[in-house]
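structure for the following, please:
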Amino acid sequence: MKPPYDITSNILKEITSISEKIGAINANYLNKPSPKLRKENRIKTIHSSLKIEGNTLTEEQITALLENKRIIGPKKDVKEVLNAIEIYEHLENYKPSNEKSFLECHKHLMNNLIEDAGKYRRQGVGIMKGSQVEHFAPPYENVPYLMKDLFNYLKTSKEIELIKSCVFHYEMEFIHPFLDGNGRMGRLWQTLILIEKYPIFEYIPFETLISKDQEKYYKALSDSDKSGNSTAFIDYMLGVINKSLDELLDFNNRTFHEKERLEYFISLNKREFTRKDYMEVFKDISGATASRDLKKGVELKLFKKIGEKNKTRYSI
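Residues are numbered from 1 along each chain as shown. Below is the predicted model of the structure:
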C-alpha cells in the first residue's frame with residue numbers, strides 16, 4: 001500500500017524552489033564541491049545527526065577522528081562517530097531501494113553499540129517525551145512486513161525522489177524498526193535516496209538545520225502521527241532541504257581568498273577555460289583580480305597559459 005500523504009500547495013511551492021536551486025547549483029558547477037567544502041560538510045553532517053541523538057563530541061573532535069588522531073571523550077560517543085565516518089566515506093556501498101542494504105548499513109552504523117545491530121527489533125517500544133509516551137511503535141511482529149511494504153513503495157512509486165525521501169524518513173521513524181539508531185538511519189537513508197537522483201546531496205548537511213531546532217523536527221513527526229499521514233513531515237523536511245540549498249549557494253557568494261578561489265576552481269574539473277569562465281564562477285571579483293589569480297595559478301603550475309591577449313585560455 002502507498003503510505004498516506006497529500007501534496008499541498010506549499011509542498012509544490014517548496015519543490016519548485018528546490019528544483020530551481022538545484023538547477024542553479026548545477027549551472028555554477030557547485031555540484032562538484034571543493035575537497036575542503038566536502039570535508040567540512042561531512043563533519044557537519046556527522047556532528048549534527050549524532051548530536052540530535054545525544055552525542056557530546058564537538059566538530060573539532062570529529063575532525064581529529066576523521067584525520068586518525070586520538071581524542072579524549074566518552075567511549076560510546078567516539079565509537080558512534082567512528083562508525084558514522086566509515087558509513088559516510090563509503091555511501092556508494094549502499095543501495096537506497098534495497099532492504100538488505102538497509103539492514104547492512106544499520107549493522108555497521110551500530111556496530112559494538114547494540115547487540116542486535118542490523119536486525120529488526122523483537123520487542124515492543126514506546127518513544128518517550130519527558131515522562132510521557134509520545135508514540136507507541138507498531139508491534140514488533142509487524143515490523144518485517146511494514147518495512148517490506150515501505151521498500152516496495154520506494155521501488156515502485158512514480159513519485160519524485162524529494163517526496164519519496166521524506167515519506168521514507170517519516171514512515172521509518174513511525175515503524176521504529178530497530179531498538180536504537182532509528183533517527184540517524186532515517187536521516188541517512190533520506191540522504192541516500194536523494195543522492196541517487198541528485199548527487200549534490202552527498203555534500204548538503206541538512207541535519208545541521210534539524211539539530212539547531214530539534215523541537216520543530218519532533219513536532220513535525222508528532223503532527224504527522226496525529227494526522228495519520230506524513231504531509232506535515234514532508235512540508236517540514238522540504239523546508240529544511242530548501243534552506244540547506246540556500247546555504248550552499250550563499251557559500252558560493254562569500255568572499256574567497258586567492259588560494260581558496262584557485263583551489264575551488266580546479267576542483268570543478270574544467271579542463272580548459274578562459275578568464276571569463278573563471279569570473280562566471282566568482283561573480284563578485286573584478287577583471288583585474290581574476291587576471292592576478294590566473295597569473296598566480298600559472299606561477300604555481302596549477303595550469304598553463306595558452307595564447308595571448310583576447311585569445312588567452314588556460315589548460316589544467
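
assign Ile114 to helix, strand or coil.
What DSSP: H, G, I helix; E, B strand; the rest coil gives for Ile114 is coil.

who's in contact with it?
Each residue near Ile114 by CB atoms under 8 Å, 6 or more residues apart in numbering is listed here: 178-181. Bear in mind the C-beta positions are built from the backbone N, C-alpha and C, glycine included.

and these, which two are the farthest apart?
Greatest spatial distance in those: Leu179 and Gly181, 8.0 Å, computed using CB to CB.

between those two, which one's more packed in?
Remark: of Leu179 and Gly181, Gly181 carries more neighbours, 22 against 18, as counted by other CB atoms under 10 Å.

ok, the more buried one touching His106?
Yes - Gly181 is within contact range of His106, at 5.9 Å (criterion: CB atoms under 8 Å).

which residues are in contact with each of these two?
Counting by CB under 8 Å, 6+ apart, the residues touching both Gly181 and His106 are Ala117.

show me where this structure has its helices.
With DSSP state H, the ranges of helices along the chain come out as 9-27, 35-52, 59-66, 75-88, 99-109, 143-156, 161-175, 182-197, 207-212, 214-227, 231-253, 258-267, 275-281, 287-299.

return the most buried member of those helices.
Of all the helices of the chain, helix 161-175 has the most neighbours on average by mean count of other CB atoms under 10 Å, namely a mean of 23.

determine the angle, from 0 to 180 degrees, between it and helix 182-197.
160 degrees (axes from the mean of the first three to the mean of the last three CA atoms, to 10 degrees).

now do stretch 176-191: distance to the chain's middle.
Mean C-alpha position of stretch 176-191 versus that of the full chain (CA atoms, centre = their mean, to the nearest Å) differs by 14 Å.

for it, C-alpha coordinates in CSV please.
What follows is stretch 176-191, C-alpha atoms only, in CSV (Å, rounded to 0.1, in the frame of the first residue of the first chain):
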residue,chain,number,x,y,z
HIS,A,176,10.8,2.3,14.6
PRO,A,177,12.2,-0.9,13.2
PHE,A,178,15.3,-1.0,15.5
LEU,A,179,15.9,-0.9,19.2
ASP,A,180,18.3,2.0,18.7
GLY,A,181,19.7,4.0,15.7
ASN,A,182,16.3,4.8,14.1
GLY,A,183,16.8,8.6,13.9
ARG,A,184,20.3,8.5,12.4
MET,A,185,19.2,5.8,9.9
GLY,A,186,16.1,7.8,8.9
ARG,A,187,18.2,10.9,8.1
LEU,A,188,21.0,8.9,6.4
TRP,A,189,18.6,6.9,4.3
GLN,A,190,16.8,10.1,3.2
THR,A,191,20.2,11.4,2.1
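
pLDDT on that stretch, on average?
Confidence for stretch 176-191, expressed as mean pLDDT, is 96.

and stretch 207-217, by the same measure?
For stretch 207-217, the per-residue pLDDT averages 91.

can you give the contact residues for it?
By CB under 8 Å, 6+ apart, stretch 207-217 touches 44-45, 47-49, 51-52, 187, 236, 240, 243-244.

widest-spaced pair of those?
His47 and Tyr236 (21.1 Å).

give the contact list for the residue lying closest to Lys119 once chain neighbours are set aside.
Using CB to CB, 6 or more residues apart in numbering and skipping the chain neighbours, the partner closest in space to Lys119 is Leu103 (7.2 Å). Leu103 is in contact with 118-120, counting by CB under 8 Å, 6+ apart.

I'd like to know how far Leu103 sits from Glu258.
Here the criterion is CB to CB, to the nearest Å. By it, Leu103 lies 48 Å from Glu258.

could you do Met147 as well?
Met147 is 52 Å from Glu258, where distance means CB to CB.

likewise for Asn310?
Plainly put, Asn310 is 24 Å away from Glu258 if you go by CB to CB.

likewise for Phe201?
On the measure of CB to CB, Phe201 and Glu258 end up 30 Å apart.

what's the answer for Ser230, then?
When Ser230 is compared with Glu258 (using CB to CB), they lie 47 Å apart.

right, and Ile316 touches Leu300 too?
No - with contact defined as CB under 8 Å, Ile316 does not count as touching Leu300 (12.0 Å).

tell me which of these two has more neighbours.
Between Ile316 and Leu300, counting by other CB under 10 Å, Ile316 is the more crowded of the two (14 against 10).

got the contact list for the more buried one?
Ile316 neighbours (CB under 8 Å, 6+ apart): 266, 269-273, 302-303.
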